[in-house]
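Undergrad: Quick one: sequence and predicted model below, then my questions.
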Amino acid sequence: MAEAAIAITNELPVPGNVPVSPKRMAIVAAAGKLFVGNGFGATSMDAIAAEANVSKRTVYSHFDNKEALFAGVMEEACTSQRGEEGCPLNCDADITAVPPKEMLHQVALHVLTIITAQQTTELFRVVMGESGRFPELGRTFWDNGPGWVLETVTDYLGAATAAGLLNVDDPKKAARQFFGLMVDPIKLELTLGLRGEPTAAEVETMSADAAEAFLKIYG
């Protein structure tokens, strides 16, 4: 963390990192439909295989278990929202060469575009409704979503502080604060169905506001 220049490469797994086949895509689509419609616990691998029109053996050839398949659904949801463009912190270039205001703005835009999408909200409702009975489901969601964001932003804030660009004494705490600035209160409103998916202009504004508010504290 002491180096002034650092490139973060602990990339969030995306479908492009594994062999993509029509059968795999069909399995993920079928699983997403059934998880949202019936819930995680009530959805069996047999039902997913039937919906995807493949054998159960084929499902297991792509995913070790139902939790891994749920992670695959989440990964596909993220990619479908952002296309081939990944998180700006996932690059081989020197991320500290980008002004913090621009970097934080782009990170917030990336995260908000994903988490405010209708598909992500539906998956989040599944997790909230069933993580009590299936703790591993909550862990899967956390590791492939909020947990990964917090870890990556924590690394970036430490690197930016070492480079003299920010003044962050506790990167982990500051990363949590930035995450809160990004997602509150719209995530709760979306989850409760109090509002619809925001427009691209609204997401842009929220992203800029989150970056500006954070820099007022740590800039």
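TA: Structure's in. What do you need? Residues are numbered from 1 along each chain as shown.

Undergrad: which stretches of this structure form strands?
TA: Secondary structure of the chain, counting by DSSP state E: no strands present.

Undergrad: And the helices in it?
TA: 22-38, 45-52, 56-62, 66-82, 100-115, 118-130, 135-144, 146-162, 171-183, 186-191, 200-218 (DSSP state H).

Undergrad: For the longest one, list every residue counted as buried.
TA: Of all the residues in helix 200-218, those buried under the rule 16 or more other Cβ atoms under 10 Å are 203-204, 206-207, 210-211, 214-215, 218. Placement of C-beta: from N, CA and C, glycine included.

Undergrad: before we move on, what about the fourth one?
TA: For helix 66-82, the buried set under the neighbour-count rule, 16+ other Cβ under 10 Å, comprises 66-67, 69-79, 81-82.

Undergrad: Then stretch 107-123?
TA: 107-117, 119-123.

Undergrad: Show which residue of the chain lies farthest from the average position.
TA: Largest separation from the mean C-alpha position in the chain: Ser55, at 29.8 Å (Cα atoms, centre = their mean).

Undergrad: Pro22: which of the buried residues of stretch 107-123 is nearest?
TA: Checking these against Pro22 by Cβ to Cβ gives Gln119 as the nearest, at 20.3 Å.

Undergrad: for the residue nearest the centre of the chain, what are its contacts?
TA: Closest to where the C-alpha atoms of the chain average out (Cα atoms, centre = their mean) is Gly145, at 3.6 Å. Shown in contact with Gly145 (Cβ atoms under 8 Å, 6 or more residues apart in numbering): 74, 115.

Undergrad: Next one: it relative to Asp46, how far apart?
TA: To Asp46, Gly145 is 27 Å away according to Cβ to Cβ, to the nearest Å.

Undergrad: Could I get the CA-only coordinates of the lowest-mean-pLDDT helix or strand in the chain as CSV?
TA: Of all helical and strand segments in the chain, the minimum by mean pLDDT, DSSP states H and E falls on helix 66-82, at a mean of 79. Output of helix 66-82 as CSV, limited to C-alpha atoms (Å, rounded to 0.1, in the frame of the first residue of the first chain):
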residue,chain,number,x,y,z
LYS,A,66,-26.8,-23.6,-6.7
GLU,A,67,-24.8,-20.9,-4.9
ALA,A,68,-22.3,-20.8,-7.8
LEU,A,69,-25.1,-20.6,-10.2
PHE,A,70,-26.6,-17.6,-8.3
ALA,A,71,-23.2,-15.9,-8.5
GLY,A,72,-23.3,-16.6,-12.3
VAL,A,73,-26.7,-14.9,-12.5
MET,A,74,-25.3,-11.9,-10.6
GLU,A,75,-22.2,-11.7,-12.9
GLU,A,76,-24.4,-11.8,-16.0
ALA,A,77,-26.6,-9.0,-14.5
CYS,A,78,-23.6,-6.8,-13.9
THR,A,79,-22.2,-7.4,-17.4
SER,A,80,-25.5,-6.8,-19.1
GLN,A,81,-25.8,-3.4,-17.4
ARG,A,82,-22.2,-2.2,-18.1
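
Undergrad: helices and strands around that helix, which ones?
TA: Contact analysis of helix 66-82 by 3 or more Cβ pairs under 8 Å, 6 or more residues apart in numbering; DSSP states H and E lists helix 22-38, helix 45-52, helix 100-115, helix 118-130, helix 135-144 as its packing neighbours.
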